[in-house]
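J.: Okay, sequence plus prediction incoming.
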Amino acid sequence: MATPRATIPLKYQPQRYYCTDTVNSDCQKGFISAAGLNHHYNALHKHHTTRPSHHHQHPWQPTGQHEGSGDDNIEPQGAYYVKHPVLDGTPVDLNGDDLPEGASSPKPNTSSKRAWHPFESRAHFELADFIFHQNEMPGAQIDELMHIWASMPGQAGTPPYANHEHLYSTIDAISEGDAPWTSFSMESVEAGGSGGPSWKHSVFGEKGQCVWSDLMTGNWAWNQCNELSKDPDNHGAIFVPIIWYYPLYISAGNVHNGMRHAHGEAVSLLGFLSIPKTDKEFEADPEFCTFQRHLFHTSLETIFHAMHPAMTKPQSVKCADGHYCRAIYGLGPYNADYPEQALLACIVQGWCPKCTAHQTHLDHDPNAILCNHEYTQLLMDSFASHVLWQKYGIVDDILPFTTSFPCENIHELIAPDILHQIIKGIFKDHLVSWAETYLKKHYKNDFAAVLADIDCHGFKQWTGNDSKALMKVYLPAIAGYVPNEMLQALSAFMDFCYIVHQSSLGEADLEALDKALQCFETHCSIFEAEGIHSDGISIPQMHALQHYHEAIELFGAPNGLSTSIVESKHIHAVKRPYQQSNKNEEMAQVLLVNHLFSGLLDKPLIPQDNVHEDTSFQDDPYLQEAEDDDSERVDAVVQLHINHMGQDIGHPELPDLVSIFLFQQRNPGVDVPDICKCPKAIDPGYSFSSAVATFYAPSDLSGANGMHCQCIHASPSWRNGAPCYDCVFVEKDPTLPGFQGLYVAQVLLFFSFHYQNVHYPCALVQWFTPIGNEPCNNTGMWKVEHEYDEYGDHLYIPPDLHYSDSLAAFGSFYVNKYSDYHAFGLAF
C-alpha cells in the first residue's frame, strides 16, 4: 500500500522571470520559474531564420550603387529590397539636422521619474491592466473590489486604488501615447427659420522578378517618394503613408502587413463620423441626400486637416529603432465596402469608383479610362446634373475631399477588399445564390435535400468566417449537381481568390491571376445561358476584379489591406466599450475607454533589476511544483510498448510494421525477408498526440524567410470527443511541380523508440495514391484513393456517419487545395 503523501502548505510564488524577447517586445509575460519562461519562449518566440533555398542571399543595390566586385549589372540571387535613393530615412537630431555617420540617437529631455510612473509599482500597473484592459470591469464592480480589498486582514484599510475614478485618473496620467479626443459640429448653411425639415437644424524575388507584399513594396509608394524628392527639403526623410478604413480607422503604411493582422495597435481608431437623421418623409429627399454627402466629405477633410502641413514639409519623429527621422505623411489607400467607396468617390451606385466603364456593361466598355479629379471637374463644367447622373454616373455639386490634399486621387487610392468584394460580395451574395437558383430550378422536389447535402449548417446570418469556411469545401460539394461549366467558373474564381490572398505575389502570380480572371469571365456565361442572369452580368464587385492586377502593383498584397483587419478592432474599440457603458451619453464613455486603453497599451519598460535570474529563488523547495503549475501547454506523451500502441489505435499490426521498418533502416536496398527474421523493438516507446512541422511556404516569401509552422494532430480523442487524425503532404520529389512532387497521407500515430541505442522518431500513416496523372478538369483538384496492403481493408461505417470517419467510409477523395492559401501554393 502506498504511503500517503504529506500535505504541503500552499505557498504564494511571485513572478520573477519576465519575457524580454527582442522581436515581440510587447509580450513581457511574467513567470515564477525559469522553466516556465523557457517553455513560453520555445512555444511562442522561437524564431526560424533560415530557409531551405537553393539560392544564397546576396546584398544588392541598384546600378551605380553596388559595392563589391565592380560589376554593377550582376543579377542578384534570392530576394532583395531596393531602397529609395533620396527618401532613405536618414537619422536626425532633435532639431531635425542629419546625424553624423555612426552617431548614437539623441535622448529627449525627460524629468526623472520612478520606473512605473504614474503607478506606485509594477503590481499597481498590472492590476490596472488586468482590471481595466483584460477583464474590462465596470466602475461599480471596481469600487466593490476595492472595498473588499480594504476589508481584508493586513490591508490597514488601504486598497491599491481608492475607487474606479482613482484608477481612471492614474491611467489617464500616463504621458506616452496621449492623443486627446476633439469634436466639431456642422450644420447646413441653408438652415434657418422654423419651417424646414428637422435635419437642417441638427520587393524583388528570384531571377530579378518583382515581388509585392507590404504597401511600401508597391509602385504607388515609390512614385510618391519620387514626387516628394523634387523638393530638396524632403531629402533624407521617410515617407509615411496613412492607410484608412471605413468607418474611420488608420494604420501607418510602413508597418508590415503581419503587424496589422496581429490585432494589436498597428490599426487605430481615428474618429466617429456623424450620421444625420431625419423624419421618414425626408429620407429620400434629394436635398437631404446632398447634405449627407457634404457632411461626410467635410468631416473627413476636417479630421485629416491636422496632417496637411506634414504632407508637404517633414516633421521630426522618433522611430521604433530609437532614432529620430524627418517624416513626411500622405493619404494612402482607402478600404471600404462598395457603398462607402461610391460615397467617397462621389459616384452613383452601380458605377465603378475607379474607372469610367458604363453601368450597363462594366466589363465590356472599350472606352473606359481611369478616373481622376480633373476629368470629373471637366465633366461638371460641361454637362447638366441629370446628364452627369445618367450618362456618367457622377454626383454633381460635390468633389471628393481629397481634392484639398496634395498628390491625392481618391479613384486611385481605392484599394482591393478581399472580404467585401470577393468573399461576401461575389462568392456569398452572387455565386452561391446563383448556384442555389439553378438547383431550385432543376431539383424542384429534392431541393431541400440537395441543399442540405451541400451545406448542412444552414446559416441564417452569414459572417465572414462562415463564408470562408463554405468556400473551402463548396466546389467538391456541388460537383455532380451543377453543369461542368459552372464548376469551371467557380474553380477559376477560387483560384483568383486564393492567389490574391497570398501574403506576397510575384510576376508569375499576376500572370496566373490574369489567367484565372479570364477563365472566370468566360465560363460565367453559363449563368446567362441557364437564365439565372439572362440580362447580362454587370456587377461592380465583379468588375472590380479587373483592377486587382494594377492595384497589387500599386499597393502590394491585398491581404495586408483588407477590411477584415478592422473587424476585430471594431469589436474592441466600439462594441465592447458601448456594452460597458450605462447607455446614457454613451459616446463620451466609449471615448473615455479608448483614451485610457491608449495609455495602458504603452506599457512601461521592465526595470532591469526585475529581469536577471535570481539564483536564490532556484533553490526554493517548491520549485518543482511551481514549474508544473506554471506550464502553459503540456504535451500529451505516453510511454507504452509498441504492441499496446497499435491496439490503442486499432492497428494491432504495428509491431510487424516496426520490424519491417527496422530491417529497412539497417539494411537499405535489401529485400525484406520473412517477418520472423526482422528485428523486434522490445523496449517501451513514447506516443505523441501532436507534432509541429516547420516548412518553407512559397506562398509567403515575405515572411520570416518564407518559413511557416503548423501543428499536426494524431489524437484518438480530440477534446474528449471524436478522434482527430490530420492529413499531411509529404515531399516526394522537389524537382516536380506542385502536387506531382508530393505524397498525401493521414497520420494515425506519432511515436518514437530506441533499438540498440539508436533513437527512431516515427509516424504511422495511411497513404493515398493519385487517381490519374492530372487534376480534375472541372474542379482543378487532384483525386486520391486509399493505398492498401495486406493489413488494410475498408471499414464498415454505419448510416449515421460522423465526419471524423469520412476518410475510412469512402473510396476516393479530392485533395482540397483550397484548405488554405499555403496548400493552394503547394497542391496545384
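T.: That came through fine.

J.: Can you tell me the centre-most residue of this protein?
T.: With distances taken as C-alpha atoms, centre = their mean, the residue of the chain nearest its centroid is His261 (3.7 Å).

J.: Looking at it now. What's its pLDDT?
T.: The model reports His261 with a pLDDT of 78.

J.: That one contacts Ile565, doesn't it?
T.: Yes: here His261 reaches Ile565: they are 6.3 Å apart, a contact under C-beta atoms under 8 Å. To be clear about C-beta, it is placed using only N, CA and C from the backbone, and glycine gets the same treatment.

J.: that older thread, enumerate every residue touching the residue nearest to the centre of the chain.
T.: 560, 565 (C-beta atoms under 8 Å, 6 or more residues apart in numbering).

J.: at 7 Å what do you get?
T.: Contacts of His261 were listed using C-beta atoms under 7 Å, 6 or more residues apart in numbering, and they are Ile565.

J.: Let me see the backbone angles for it.
T.: For His261, the backbone dihedrals (degrees, to the nearest 10) come out as phi -80, psi -10.

J.: now it: how far from Ile303?
T.: Separation of His261 from Ile303 (C-beta to C-beta, to the nearest Å) stands at 25 Å.

J.: just Asn816 next, same as before
T.: Here the criterion is C-beta to C-beta. By it, Asn816 lies 45 Å from Ile303.

J.: Ile478 contacts Tyr438, correct?
T.: No: if you go by C-beta atoms under 7 Å, Ile478 and Tyr438 don't touch, sitting 9.4 Å apart.

J.: In terms of neighbours, single out the busier of these two.
T.: Ranked by neighbour count (other C-beta atoms under 10 Å), Ile478 and Tyr438 place Ile478 first, with 22 against 19.

J.: what about the nearest residue to the more buried one once chain neighbours are set aside, how many neighbours?
T.: Leaving out its chain neighbours, the residue that sits closest to Ile478 by C-beta to C-beta, 6 or more residues apart in numbering is Ile454, at 5.6 Å. By the criterion of other C-beta under 10 Å, Ile454 has 20 neighbours.

J.: Does Ile454 touch Ala477 like I think?
T.: Yes: the pair formed by Ile454 and Ala477 meets the contact definition of C-beta under 7 Å, at 4.6 Å.

J.: I'd guess Gln766 is in a helix, am I close?
T.: No: going by DSSP: H, G, I helix; E, B strand; the rest coil, the assignment for Gln766 is strand, not a helix.

J.: ok, it - contacts?
T.: By C-beta under 7 Å, 6+ apart, the residues touching Gln766 are 745-746, 748, 786.

J.: cool, and His323?
T.: His323 makes contact with 91, 105 under the criterion C-beta under 7 Å, 6+ apart.

J.: One more pass at 10 Å, please.
T.: Applying C-beta atoms under 10 Å, 6 or more residues apart in numbering, we find His323 in contact with 89-93, 99, 103-106, 317.

J.: Next: Leu270.
T.: Applying C-beta under 10 Å, 6+ apart to Leu270 gives the contacts 179, 242, 244-245, 247-251, 300, 303-304.

J.: can you rerun that using 8 Å?
T.: 244, 248-250, 303.

J.: which of these has the most neighbours?
T.: With neighbours taken as other C-beta under 10 Å, the top of the contacts of Leu270 is Trp244, carrying 23 neighbours.

J.: in a helix, that's where it is, yeah?
T.: No: with three-state DSSP as the criterion, Trp244 is strand rather than part of a helix.

J.: Can you tell me, leaving aside adjacent residues, what's nearest to it?
T.: Once flanking residues are discounted, Trp244 sits nearest to Ile250: 5.0 Å by C-beta to C-beta, 6+ apart.

J.: Surely the one you found is in contact with Val240?
T.: No: because the distance of 11.0 Å does not satisfy C-beta under 8 Å, Ile250 is recorded as not touching Val240.

J.: thinking again about what came up before, which one of the contacts of Gln766 sits closest to Phe288?
T.: Nearest to Phe288 among those: Gln746, at 61.5 Å, using C-beta to C-beta.

J.: okay, now that closest one: neighbour count?
T.: Here the number of neighbours of Gln746 (other C-beta under 10 Å) works out to 17.

J.: who's in contact with it?
T.: Applying C-beta under 8 Å, 6+ apart, we find Gln746 in contact with 725-728, 765-766, 768, 807.

J.: What's the PyMOL syntax to select whichever of those residues are buried?
T.: Provided next is the PyMOL selection string for whichever of the contacts of Gln746 are buried by 16 or more other C-beta atoms under 10 Å:
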select buried, resi 725+726+727+728+765+766+768
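
J.: export the contacts of Gln746 to JSON lines and tack on pLDDT and distance to Ile142?
T.: Output for these, formatted as JSON lines (pLDDT from 0 to 100; distance: C-beta to C-beta, whole Å):
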{"residue": "Tyr725", "pLDDT": "89", "distance to Ile142": "48"}
{"residue": "Asp726", "pLDDT": "89", "distance to Ile142": "45"}
{"residue": "Cys727", "pLDDT": "88", "distance to Ile142": "49"}
{"residue": "Val728", "pLDDT": "88", "distance to Ile142": "49"}
{"residue": "Val765", "pLDDT": "88", "distance to Ile142": "55"}
{"residue": "Gln766", "pLDDT": "88", "distance to Ile142": "56"}
{"residue": "Phe768", "pLDDT": "90", "distance to Ile142": "57"}
{"residue": "Leu807", "pLDDT": "72", "distance to Ile142": "52"}
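
J.: quick check, nearest of the contacts of Gln746 to Gly271?
T.: Taking the contacts of Gln746 together and measuring to Gly271 by C-beta to C-beta, the closest member is Asp726, at 45.2 Å.

J.: any idea which element Cys497 lies in?
T.: Following DSSP states H and E, the helix or strand that holds Cys497 is helix 484-500.

J.: which of the residues in that helix are buried?
T.: In helix 484-500, counting by 16+ other C-beta under 10 Å, buried: 485-500.

J.: send the alpha carbons of it over as CSV?
T.: The C-alpha coordinates for helix 484-500 follow below in CSV (Å, rounded to 0.1, in the frame of the first residue of the first chain):
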residue,chain,number,x,y,z
ASN,A,484,-19.3,21.3,-65.6
GLU,A,485,-19.0,24.8,-67.0
MET,A,486,-20.4,26.2,-63.7
LEU,A,487,-17.9,24.1,-61.8
GLN,A,488,-15.1,25.6,-64.0
ALA,A,489,-16.3,29.1,-63.4
LEU,A,490,-16.3,28.5,-59.6
SER,A,491,-12.9,26.8,-59.8
ALA,A,492,-11.4,29.8,-61.7
PHE,A,493,-12.9,32.2,-59.2
MET,A,494,-11.5,30.2,-56.3
ASP,A,495,-8.1,30.3,-57.9
PHE,A,496,-8.3,34.1,-58.3
CYS,A,497,-9.4,34.4,-54.6
TYR,A,498,-6.6,32.3,-53.3
ILE,A,499,-3.9,33.9,-55.4
VAL,A,500,-4.8,37.4,-54.1
